[in-house]
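**Q** Here is a sequence with its predicted model. Questions after.
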Amino acid sequence: MREESHGEREKQGRSLILGIESSCDETAAAVVRGGTEALSNVVASQMNLHANYGGVVPELASREHLRNVVPVVRAAVEQAGISLEDVDAIAVTEGPGLAGALLVGITYAKALSFGLSKPLIGVNHLEGHIHAVLMEARQRAEQPMELPLLALVVSGGHTHLYLAEQKDEGWRYRNVGRTVDDAAGEAYDKVAKLLGLGYPGGPWIDRLARRGNPRAVPFRFAQIKPRAHREGVSLPNKKAPAKTAEVVTSFDFSFSGIKTAVLRYIETHGMREGVEERRRILAGHPEWGPGSDEVAALCDRQTLDLIASFQYAVVGNLLRQTFAAAERFGARGVVVSGGVSANSELRQRFQAEADQRGLPVAFPSLALSTDNAAMIAAAAWPKFVAGEFAPDALGATPQLRLGGS
Ligand code: KG4
Ligand code: ZN
C-alpha cells in the first residue's frame, strides 16, 4: 500500500476514503476504495442499550458514540489492512440526525483531518443511503442504471422520495415526497411496542407477518393533500379556470394514522391483556430473537393477522407512492434503501411491481440497508473527485435536507 503515492491512487480511481457515521444509534467507520470497494465496514450498534427504553435516547446515544468512535475507526482501518496515513480523505455525516450524536463523529473526523492533513468531506446521511445501493451495483460490475432514478429512503427517521440525476461530476436530488408525520420505520417500532414485541420493531414484524393473514384487517391510507410552493410540485391556481388547472398528486406519506388504528384495534378487540403477558414473558427472555418459534408461540392468530395486515398496508402504501412518483417523473429505475428496505415483503413486492412495469429496481445488501459508514464514504467519492471539501467550520446540521424541501 505504502509504495503507491496518493497522487497515483487518485489517478487510477483507487483513492481511499475513511467514512465515519454517528447520526443516530450506530457508531460506524469504513474504508472504501475508489468509491466502489468496501475494504472494511465496522458498525457498533447501541440497539441493546436503547431497547430498554423502546427507542433511541439522544443523551445515551452521544455518550456511546464517544466511547465507541475511536475503537470503531481503529478497527475499520485495521480490517482494511491500511494505516491512517494511507487514507486520502475523511468523510463524515453532517446531518440529518441527532445533534449530539452527529457532533461526536464530526469532531473526531475534523481532528483526524487536521492531524493527518487530509481533506474532510461532509456527507448528507440520506445521500449515503442512496449511495449504498449504487456502490454495491458498481462492486458487482453491473451496467449502471439509467438516470434519473427514483430513490425511496425509508428508515426509522425518514421516508423520503428523491429524483436522483448525475450532473457533471456530482449528483443532484429533487425531493418529490416525504412523510408529513412519522417515518415508516418509526411506525414499525411503535406498533411493535404496542404489541409487546422487541425493539427495533421492524425485524420482529417482518418475521411474524409471514405467519398471519395480510387481508384480515383492511387498513386504509388517506390521500395526503399536495404541498404548495414546492419546487416542481405546484398547486393548481384557484383563480385559474378549471380546465387549465393542473391535477396535482401528492407523493407524501403519513404513518401516524395506521399506528393509531392498530392501537384502536387492540383496544376494541380485547387484546390488551395478551400484549402485557407477551411483554412480561419476552422481558424474561432477551435471548429470543425476532424469528424464533418461541416468540411466534406467544402470538395468537388475531395478533399474527393484525401484524401481517399492518405490514401489508404499509408496504402497499410505500409501493404505490414510489411507483406513481417514478411514473410521474419519468424515472428509469427505482432504488430503495434505509433500514426498512431490509423488509422481506417490501423487497418481494417492489421486485414484482418493477418486473411488471419493466423497470429495474435495486436494494442494498442487508448489511448496508441499515446505518453504516461504507455508504458515507461511497457518497463522498464524487465530492472527492470534484474537490468539494468541507469548510473548517463544518458543524452538525440535525435538520439537513437533501435536494431542497
Ligand atoms: O436506517 P436505519 O438503521 O436507521 C435510521 O436512519 O433510522 O433504520 C432503522 C429502522 C428501524 O425503524 C427498524 O425498525 C427498521 O429500520 N427496520 C425494519 C427492518 N429492519 C430494520 N423495518 C421493517 N422490516 C425490517 N426487516
Ligand atoms: Zn439511516
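**A** Noted; the coordinates are in hand. Quick caveat: nothing in here was measured; it's all calculated off a predicted structure. Ligands and ions are numbered 1, 2, ... in the order given.

**Q** rest of the way, CA atoms for contacts and neighbours
**A** Fine.

**Q** and the protein, which residues reach ligand 1?
**A** Proximity of the chain to ligand 1 (Cα under 6 Å from any ligand atom) is limited to residues 155-157, 185-186, 188-189, 200-203, 206, 338-340, 342-343, 370-371.

**Q** Out of those residues, list just those in helices.
**A** 185, 186, 188, 189, 201, 202, 203, 206 (DSSP state H).

**Q** Let me know the closest of the residues you listed to residue 91.
**A** Proximity of these to residue 91, judged by Cα to Cα, is greatest for residue 185, which lies at 26.0 Å.

**Q** residues touching the closest one, list them.
**A** Listed by Cα atoms under 8 Å, 6 or more residues apart in numbering, the contact set of residue 185 reads 154, 155, 156, 157, 158, 202, 339, 340.

**Q** Equivalent analysis for residue 324, please.
**A** Residue 324 neighbours (Cα under 8 Å, 6+ apart): residue 251.

**Q** before we move on, which element is it in?
**A** Assigned by DSSP states H and E, residue 324 belongs to helix 301-328.

**Q** For that helix, which residues meet the burial criterion?
**A** By 16 or more other Cα atoms under 10 Å, the buried positions in helix 301-328 come out as 302-319, 321-323, 325-326.

**Q** Over to stretch 95-111?
**A** 95-106, 108-110.

**Q** now it, how far from the centre of its chain.
**A** Taking Cα atoms, centre = their mean, to the nearest Å, the mean C-alpha location of stretch 95-111 is offset from the chain mean by 18 Å.

**Q** which outside residues touch it?
**A** The contact list for stretch 95-111 (Cα under 8 Å, 6+ apart) reads 20-25, 58-59, 61-62, 65-66, 69, 90-94, 120, 123-126, 392, 394-401.

**Q** Looking at the stretch 1-150 of the chain, what residue ends up closest to ligand 1?
**A** Using Cα to the nearest ligand atom, the single residue of the stretch 1-150 of the chain nearest to ligand 1 is residue 24, 6.7 Å away.

**Q** got the contact list for that residue?
**A** Applying Cα under 8 Å, 6+ apart, we find residue 24 in contact with 56, 61, 97, 98, 101, 102.

**Q** does residue 81 count as helix, strand or coil?
**A** When classified by DSSP: H, G, I helix; E, B strand; the rest coil, residue 81 comes out as coil.

**Q** what number of residues lie near it?
**A** Residues near residue 81, counting by other Cα atoms under 10 Å, number 13.

**Q** Run through the protein and note the low-pLDDT ranges.
**A** Applying pLDDT under 70 to the chain picks out residues 1-6, 9-12, 227-248, 404-405.

**Q** So which residues of it form strands?
**A** For the chain, the strands defined by DSSP state E cover 16-21, 26-33, 37-45, 89-95, 120-124, 149-154, 159-167, 170-178, 333-337, 361-362.

**Q** Just say which of those is most tucked in.
**A** strand 16-21 (a mean of 32; mean count of other Cα atoms under 10 Å).
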